[in-house]
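Student: Using only what follows, build the 3D model:
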Amino acid sequence: MPSHRTCDGNSRRDFLRVGSLSAAGFTLANYLRLADAGEVAAAKGKAAIFIDLNGGPSHLDSFDPKPNAPDDIRGKFKTISTNVTGIQLSEHLPKLAQCADKFTILRGVSHTLAAHRLGSEYVNTGSRPLASLEYPGYGAVITKEMPVAADLPPFVAIPRGNQRSGFLGIQYAPMNTGATPVAGQSFAVRGISLGNGVTVETIHRRQGLLADLDQAFKHMDEDDQLLEGLDRFNEKAFDMIKSPRAREAFDISREDGSFSKQFDEDAFSQSCLLAIRLVEAGVRFISLSLGGWDTHTDNFTKLSTKLLPQLDAGLSSLYNGLAQRGLLDSTSVMTTGEFGRTPKINDRSAEGGRDHYPRCMFMLMAGGGMRGGQVIGESDATASGPLNEAITPDDAAASFYHSLGIDPAKEYHTETGRPITLVRDGHVIKQLFS
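Tutor: Here you go, the predicted model:
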């Protein structure tokens, strides 16, 4: 998927560059070490997928349409019925409309952070950002709380994302694939796929050399949290490079054609296919990104010709594919942007656009014991704010964690001993699990 730059100048392209495994040197460990270091009812979920709609999608033009609102608010799109009586979506989401029974729409989600970076930090952690503390994202917490087999990465970002390890340390940082899979082709993740004549025996020899060097310098900074994280990454790197299971999990070309044909050939849909393979293999947390939603101009053209069709195809195939594999009930899926868009259409371009608007937005929740086929929460007549009590990103986070058997009120401690509640203000949305 291409990089997208939002209006405040933040690029979604990760500045880290993954080294390749070659005769010149083994660099997966270095990649895993540095992946995050430079960047500022009964639970049923055994794995989780987080889908980040970078830029902030318009709620009115997607999952919270207002067909009876004035023209300068309603916009150009018609609404369509879904396979759940009473629920309507934008006309540009026909595939999701036919599987609406598999997910829940949260409407009237509200907060006050209108900047991309701050809003993104909020929805990626479930805690309102603080200048004095970096909260860990969902992936880091799930990595800590839900151990995975030694030869599998616990947390994979395709191709990269906004989930950070925060105060938990870099040992809980994501493994970024750095690229997206291409339909029908073997997906070679740098550092996992053997190539250029490198063998497992070569890796064993290099591992022995690095172990000797680590022992020689062990007396230096023995209590340093960073070094502890680096050691963990190094061990994980070698376990994965030697594992056929890890390499095969990333290879979508091995997927049965009767299953893979339901996924479109664009990068997002193929990433959704890869996410299913990773869940099936035992990976605990996968983050996906679909950017470009910062539609200050040409909102309706961008949404109708590209953004909504891509989301519709990929996300519907993800829901249906998980269900077909018997994985939806045990996989918690959360989809969100950092905020919504203004109800009133601006005049910045010929067809108008919508600006940042955190007071009202949508989120989608599915799987992990969360009941689909419902709408929770409601916005007012113009989608300007919640009609009644607001749902917050904190509430969504508490529910997401709950679906995975993680207590959102659990207390962690920073390296300095400061006690931190995982989700300090959120409450589990009971209707999701009823």
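Student: Can you pull the poorly scored residue ranges out of the stretch 51-200 of the chain?
Tutor: 190-200 (pLDDT under 70).
Student: what sits against the nearest residue to Ser379 once chain neighbours are set aside?
Tutor: With CB to CB, 6 or more residues apart in numbering as the criterion, Ser379 has its nearest non-adjacent residue at 4.5 Å, and that residue is Gly108. Bear in mind the C-beta positions are built from the backbone N, C-alpha and C, glycine included. Taking CB atoms under 8 Å, 6 or more residues apart in numbering, we find Gly108 in contact with 360, 377-379, 385-388, 390-391.
Student: The closest residue to Gln431 other than its chain neighbours bridge partners, please.
Tutor: Distances taken as CB to CB, 6+ apart put Ile376 closest to Gln431, at 5.1 Å, once the chain neighbours are dropped. Beta bridges link Ile376 to Leu106, judged by DSSP bridges.
Student: thinking again about what came up before, where does the residue nearest to Ser379 land in three-state SS?
Tutor: Following DSSP: H, G, I helix; E, B strand; the rest coil, Gly108 is assigned to strand.
Student: cool, the one 4 residues further on as well?
Tutor: The local conformation at Thr112, judged by three-state DSSP, is coil.
Student: residue contacts, it?
Tutor: 358-359.
Student: Same question for Asp355.
Tutor: So Asp355 contacts 296, 341-342, 346 (CB under 8 Å, 6+ apart).
Student: Tell me where the stretch 51-200 of the chain has strands.
Tutor: Under the criterion DSSP state E, counting those that start in this stretch, the stretch 51-200 of the chain contains strands at 79-81, 88-90, 104-109, 155-158, 175-176.
Student: Dump these to CSV, plus distance to Glu248.
Tutor: Listed next are those as CSV, based on distance: least, CB to CB, whole Å:
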stretch, distance to Glu248
strand 79-81, 40
strand 88-90, 37
strand 104-109, 33
strand 155-158, 14
strand 175-176, 16
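Student: The ones you listed: which one's closest to Arg245?
Tutor: Among the strands of the stretch 51-200 of the chain, strand 155-158 comes nearest to Arg245, with 13.9 Å by CB to CB.
Student: The closest one: how far from the chain's middle?
Tutor: 8 Å (CA atoms, centre = their mean, to the nearest Å).
Student: Relative to it, what are the paired strands and their orientations?
Tutor: Short version: by DSSP bridges, strand 155-158 pairs with strand 175-176 (parallel), strand 285-289 (parallel).
Student: Got phi/psi on the nearest residue to Arg254 once chain neighbours are set aside?
Tutor: With sequence-adjacent residues excluded and distances taken as CB to CB, 6+ apart, Arg254 is closest to Glu248, at 6.2 Å. Dihedral pair for Glu248: phi -70, psi -30, per degrees, to the nearest 10.
Student: Per-residue confidence at the residue nearest to Gln431, what does it come out as?
Tutor: What the model reports as pLDDT for Ile376 is 98.
Student: Now for it, how many residues are close by?
Tutor: 20 (other CB atoms under 10 Å).
Student: Use 20 as the first number for this chain going forward.
Tutor: Sure, I'll start numbering at 20, so the last one becomes Ile395.
Student: which residues sit in contact with it?
Tutor: If you count contacts by CB under 8 Å, 6+ apart, Ile395 has them with 123-126, 410, 448, 450-451.
Student: any idea how far Ile106 is from it?
Tutor: To Ile106, Ile395 is 11 Å away according to CB to CB, to the nearest Å.
Student: do the same with Asn181
Tutor: Counting by CB to CB, the separation of Asn181 from Ile106 is 29 Å.
Student: Could you do Thr354 as well?
Tutor: Taken as CB to CB, the span from Thr354 to Ile106 is 16 Å.
Student: cool, and Ser306?
Tutor: 27 Å.
Student: These two - which one has more neighbours?
Tutor: Per other CB under 10 Å, whichever of Ser306 and Ile106 has more neighbours is Ser306, with 27 against 17.
Student: ok, and the closest non-adjacent residue to the more buried one?
Tutor: With sequence-adjacent residues excluded and distances taken as CB to CB, 6+ apart, Ser306 is closest to Gly180, at 4.1 Å.
Student: My guess is the one you found contacts Ile70. True?
Tutor: No: look at Gly180 against Ile70 with CB atoms under 8 Å: they stay out of range, at 9.6 Å.
Student: Mutual contacts of those two, please.
Tutor: Residues touching both Gly180 and Ile70 (CB under 8 Å, 6+ apart): 306-308.
Student: related to what we said a few turns ago, spit out the residues that contact Ile395 and Ile106 alike.
Tutor: Joint contacts of Ile395 and Ile106 (CB under 8 Å, 6+ apart) are Ile124.
Student: How many neighbouring residues does Leu149 have?
Tutor: By other CB under 10 Å, the burial measure for Leu149, its neighbour count, is 11.
Student: ok so, going back, how close does the residue nearest to Gln450 sit to Ile410?
Tutor: 7 Å.
Student: farthest-separated two in the contacts of Gly127?
Tutor: Cys379 and Asn407 (12.6 Å).
Student: thinking again about what came up before, let me know the distance separating the residue nearest to Gln450 from Thr316.
Tutor: 32 Å.
Student: Quick check: buried residues in the helix or strand in which Ile439 is found?
Tutor: For Ile439, the host element (DSSP states H and E) is strand 438-440. In terms of neighbour count (16 or more other CB atoms under 10 Å), strand 438-440 has its buried residues at Ile439.
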